[in-house]
Structure formats: structure tokens, C-alpha cells
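Trainee: A structural model of the following input is requested.
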Amino acid sequence: MPRQILAMTCGSRLPLCVLAVFLGSVSRGSAQPLQTADSRKALTLEAAVSYALANNPQLATIRQRRGIAAAELVIARTYPHNPVAQSTVRSAFGTPGAVTNSVPNSHTLTLEIEVRGQRQYRQQAAFAAVGRTEWEVAAQEVAFAIQTVRAFDTLLYRQAKLDLNEEFLKLNQKAADQVKQQVDRGTLRSADLILARAEALDVRSQLGQNRSALLAAKRDFYRALGTTDGAAEQQGTMDRPAPTVEVDTLIEAARNHRPDLFAHQAAVAEAEARLRLQVADRFGNPNVGPTYEYNETRTNFVGVQVGFPIPALNRKKGEIIQRRAEVQQAAFQVREIEVSIRQDVAAAAARVIEARNWVQDYQTKVLPELQKGLEDMERLLVQGQPGVDVLRVLDLRRKVLRARDGYLDALLTYTQALADLAQAVGDPALAMGLYERHEAGLRR
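Mentor: Have a look, this model is predicted:
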């Protein structure tokens, strides 16, 4: 039933429908555990996202809304009123000869009849509710996919930061040993040794912070996956190509991909159907049915009983005003989403461009020039260039490591900007670097 409703609701929004059906098929698949320790393999970004969509228990709980919405559709298709049977049995006594039946009785069977199309409006509201629920579930699936990407990238970042910190510590310890040798030979002062050892201790003090941050990143990653099994190791890079499409194209894609927008549009249709139902119900419904009576003189009466409410004191005016306000509220929410799409996509695209320029600056200028400077300085040290000592070389090495640390910060900022853009457009492929899939969806 949910897949049929999804197909009915999608209409021309084919790209997101394909995504939603794919995510639905993942959710209905059997949960597969992560790799065991005996056959441990690298967990790629795509594999992590697929695992999270299939196994996250919070997402599984959200998907149960489909069953609730489908049940509401069954309720709407079922006639809401049951027939009412009423029987009256009395004891008759009086003038002898006048009463020939001492137990007169009467029976009626009535049914409330909907005469203003209420059932049609009720079914329209239920169908819209099913469509809204499907889009809401799809929105949560997109959010969980992007959340997994963020957690994956943060874990890569924290691991790389810890590795760099350990490398930095080894370099400083080596530097302290080399400075001690120079002090023993009398070429450097004791103050230089104190400074070198203090810097090594400063780097060592950061190890605990980085290890604690790595453990927190692992916790968030496995929480996104919906598992406590940490057997699999992550494989991937944070350096992903930036999308090449223009901002206007991304905004148009967001209008065709954002499931929360479609959910609010379905909510408008649902609110309008509920308004029509309330208007149709403002006068109530008649009760119609056959009646039979057998009186004390053994006379039979057969007829029809009709009853209907008199809308003199209450015509449901307040309820109708309330439903109209709900329609207006739902329409304004759609407008709010449409405005936020333009704002979010434009801001996220600008952040992606700025972060990508930052990354490329490290890749093309900062890191290569620092590395070349280090190689030149080491060559001059070997050649015995005056004024070039081991402290200058070590200081330049530290600058290279600090630049690599800044490069990691730039990469994380860039991937988080991609995730923001994917959230704004409603397509996890943007956060994962799968632009071919995204652009194929746009061509459709």
C-alpha cells in the first residue's frame, strides 16, 4: 500500500521518487551486520549510508508512521456509522376483551445516512495524509543519510588529526634529541633545549584531547549507523569534487527533491479535504430505517422512521473557522519552505565555493611551497650553509605539520558545507560526491 500511494503522490517529481523508492527498499531489506573481526573490510561512505538506512532503529521507528497512515485510509474507506436496533416490549392490561395481546412490542432499525459526500472528503483527507506521511518519512531518510555522511567525515577528520598529532609529537621528540646533541657539542645553548622539550610537552598534552574527540566521533558515527559494532574500519577521503551546476539550477533541483516541501503540499490538500468534510457535516445527517409495531389489539404497523438533527443552536461555525485557519497555516508553511529553499541553497552554495577555494589554496600553494621550502632548507643544512642550523629546519618542519593540520580543518569545513548543500537541496548524493547520479536525476 505505501509504495502505491507513493507512486500516486509523486506525479512529475521523478528524481525524488526514485530516491524515496530506493530508500524504502533499503528499509524493507533485512538488516545486515557489519563485517566481523575475522573478515573485517573497509567501510566506504556509500556502504555506511546504506547500512544506516537499513539498520538505524530510530529511523525504523519513524517508518512505522506508514502503517498508521495506511490504517487511517482503511478507516476512511469504512462506513463510519453502524445501524441502531431499538426494541420496546410492554405489558398491556385494561378493560376485559379490549386487550387481546398482553405483550405489545415495537421494533426499529435506523442508520445514519451521509447525504453530503462526507465519505468522499474523508477519503481525500486520508489519501493526502498517506502521501504526507510518505514524504515525511522520505525527509527523515534523507536527513539520516546526510547525518551519516557528516559523522563519517568527522570520524575521518578526528582520526587524521590524531595521526598528525602523533607525528608532530615524534618530530618534537626527535627535535629535542637533536638539540641536546647540539648543546652537548656546544653549538646551541641550553635555553634552546629547554624550549624544544617544552614544545614537545605541549604537543603531548594535546594527545588526550584528540583521543577523546576521536572516541566521541566514533560514538556519533556508530549511533548514526544504529549499531555498537565497531569491527569495520572507515575508508574514504574528505577531498571530493564540488558540484559544477549553477545556484539557480540547484534551487530548481531543491524544488524537485525536497521531501519536506512535498509533505507540506500534501498537508495543504489534507487540510482542504478536512475543511470540506467539516462543511458537509455542519447540518448533521438523517437517521432512516424501517419500523414495526404489534399493539395490544393484535394490529400490525409497518413503516419508515426518519430522524434528523435541527441545526438551530450549533452549525459548527467554530469548527469550520478552525479548519479554514488550518488550511491557511498549511499554505503559509509551504510558502515558508519555498522561501527557505532559496535562502538555504544560495547560502550553502556560497559556503561550498568559499570552502573549496580554501582547500585548493592549501593544495596548490600553501602545502607545496612549504614542502619545497623544507626541502631547500634541508639541502642547505647538508651543504653547511652559514646561518642554517637544525633549529631552523625543525621550525620549518613544524610549520609544514601545522599547515597540514589547517588543511584538515579546511577539508572538514568543505565536507560540512557539502552536507549543508545536500540538506538544502534534499539529495544526499551531493554530500557523498556522487554528482553523476544527482545530475542524472536533474536531466530526468
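Trainee: Confirm that residue 402 sits in a helix.
Mentor: Yes. Counting by DSSP: H, G, I helix; E, B strand; the rest coil, residue 402 is located in a helix.
Trainee: burial of it, as a residue count?
Mentor: Close neighbours of residue 402, defined as other Cβ atoms under 10 Å, add up to 13. C-betas here are computed from N, CA, C, even on glycine.
Trainee: how near is it to residue 152?
Mentor: 26 Å (Cβ to Cβ, to the nearest Å).
Trainee: Who are the contact partners of residue 49?
Mentor: Counting by Cβ atoms under 8 Å, 6 or more residues apart in numbering, residue 49 makes contact with 145, 148, 149, 428, 432.
Trainee: quick one: pLDDT of it?
Mentor: Listed pLDDT for residue 49 reads 92.
Trainee: Give me the distance from the one helix or strand it maps to to the chain's centre.
Mentor: Using DSSP states H and E, residue 49 maps to helix 45-55. Taking the mean of its C-alpha atoms, helix 45-55 sits 13 Å from the chain's own mean (Cα atoms, centre = their mean, to the nearest Å).
Trainee: What of stretch 312-328?
Mentor: Distance, centroid of stretch 312-328 to centroid of chain: 35 Å (Cα atoms, centre = their mean).
Trainee: can you check stretch 246-256 too?
Mentor: With Cα atoms, centre = their mean, you get 19 Å for stretch 246-256.
Trainee: before we move on, what about stretch 62-77?
Mentor: Centre to centre, stretch against its chain (Cα atoms, centre = their mean), the figure for stretch 62-77 is 21 Å.
Trainee: Please apply the same query to stretch 255-262.
Mentor: On Cα atoms, centre = their mean, the centre of stretch 255-262 falls 12 Å from the chain's centre.
Trainee: Output it as PDB - backbone C-alpha positions only.
Mentor: Taking Å, rounded to 0.1, in the frame of the first residue of the first chain, the C-alpha atoms of stretch 255-262 are listed here in PDB:
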ATOM      1  CA  ARG A 255      12.100  22.300  -5.500                       C
ATOM      2  CA  ASN A 256      12.000  18.900  -7.200                       C
ATOM      3  CA  HIS A 257      13.900  17.000  -4.400                       C
ATOM      4  CA  ARG A 258      12.900  18.400  -1.000                       C
ATOM      5  CA  PRO A 259      10.500  15.800   0.500                       C
ATOM      6  CA  ASP A 260       9.600  18.200   3.300                       C
ATOM      7  CA  LEU A 261       8.200  20.600   0.700                       C
ATOM      8  CA  PHE A 262       6.100  17.900  -0.800                       C
END
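Trainee: Report the buried residues of it.
Mentor: Neighbour counts over stretch 255-262 (16 or more other Cβ atoms under 10 Å) mark 255, 256, 257, 258, 259, 260, 261, 262 as buried.
Trainee: out of these, which are inside helices?
Mentor: Mapping the buried residues of stretch 255-262 onto helices (DSSP state H) picks out 255, 256, 257, 259, 260, 261, 262.
Trainee: May I see these arranged in JSON lines, with distance to residue 168 as well?
Mentor: JSON lines is the format used below for those (distance: Cβ to Cβ, whole Å):
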{"residue": "255", "distance to residue 168": "47"}
{"residue": "256", "distance to residue 168": "47"}
{"residue": "257", "distance to residue 168": "43"}
{"residue": "259", "distance to residue 168": "45"}
{"residue": "260", "distance to residue 168": "44"}
{"residue": "261", "distance to residue 168": "47"}
{"residue": "262", "distance to residue 168": "49"}
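Trainee: Turn those residues into JSON lines, including pLDDT.
Mentor: Formatted as JSON lines, those follow (pLDDT from 0 to 100):
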{"residue": "255", "pLDDT": "92"}
{"residue": "256", "pLDDT": "91"}
{"residue": "257", "pLDDT": "88"}
{"residue": "259", "pLDDT": "95"}
{"residue": "260", "pLDDT": "94"}
{"residue": "261", "pLDDT": "95"}
{"residue": "262", "pLDDT": "96"}
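Trainee: State the pair within those residues that is farthest apart.
Mentor: Farthest-apart pair in these is 256 and 260; separation 13.0 Å (Cβ to Cβ).
Trainee: Find the centremost residue of this structure, please.
Mentor: residue 143 (2.0 Å; Cα atoms, centre = their mean).
Trainee: Tell me which helix or strand it sits in.
Mentor: With DSSP H and E as the criterion, residue 143 is inside helix 118-185.
Trainee: Mean confidence (pLDDT) on that helix, please.
Mentor: Rounded mean pLDDT across helix 118-185 is 86.
Trainee: so that helix versus helix 45-55, what angle?
Mentor: Taking axes from the mean of the first three to the mean of the last three Cα atoms, to 10 degrees, one finds helix 118-185 and helix 45-55 inclined to each other by 140 degrees.
Trainee: Redo the contacts of residue 49 as CSV? Include distance to residue 323.
Mentor: Shown next, in CSV, are those (distance: Cβ to Cβ, whole Å):
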residue, distance to residue 323
145, 36
148, 40
149, 41
428, 37
432, 42
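Trainee: Out of the residues you listed, which two sit at the greatest distance?
Mentor: Maximum distance among these (Cβ to Cβ): 9.6 Å, for 148 and 432.
Trainee: measure residue 268 to residue 331 for me?
Mentor: 6 Å.
Trainee: on that earlier part again, give the next helix or strand downstream of the helix holding residue 49.
Mentor: helix 57-63.
Trainee: which secondary structure elements does that next one contact?
Mentor: helix 14-28, helix 118-185 (3 or more Cβ pairs under 8 Å, 6 or more residues apart in numbering; DSSP states H and E).
Trainee: Give the next helix or strand downstream of the first one.
Mentor: Yep, that's helix 14-28 we're talking about. Helix 14-28 is succeeded, C-terminally, by strand 42-43 (DSSP H and E).
Trainee: distance of the residue nearest to residue 400 when sequence neighbours are not counted from residue 406?
Mentor: Excluding the flanking residues, the one nearest residue 400 by Cβ to Cβ, 6 or more residues apart in numbering is residue 370, at 4.9 Å. From residue 370 across to residue 406, the span is 11 Å (Cβ to Cβ).
Trainee: Surely residue 289 is in a strand?
Mentor: Yes. Using three-state DSSP, the assignment for residue 289 is a strand.
Trainee: I'd like the distance between the residue nearest to residue 427 when sequence neighbours are not counted and residue 154.
Mentor: For residue 427, ignoring the flanking residues on the chain, the nearest one in space by Cβ to Cβ, 6+ apart is residue 257 at 5.0 Å. Look at residue 257 and residue 154: by Cβ to Cβ, they are 25 Å apart.
Trainee: Also residue 366?
Mentor: 23 Å.
Trainee: Show me where this protein dips below the pLDDT cut-off.
Mentor: 1-41, 172-206, 229-232, 381-382, 388-391, 435-444 (pLDDT under 70).
Trainee: could you redo the last one with a cut-off of 80?
Mentor: 1-42, 96-97, 165, 167-210, 228-234, 245, 374, 377-398, 434-444 (pLDDT under 80).
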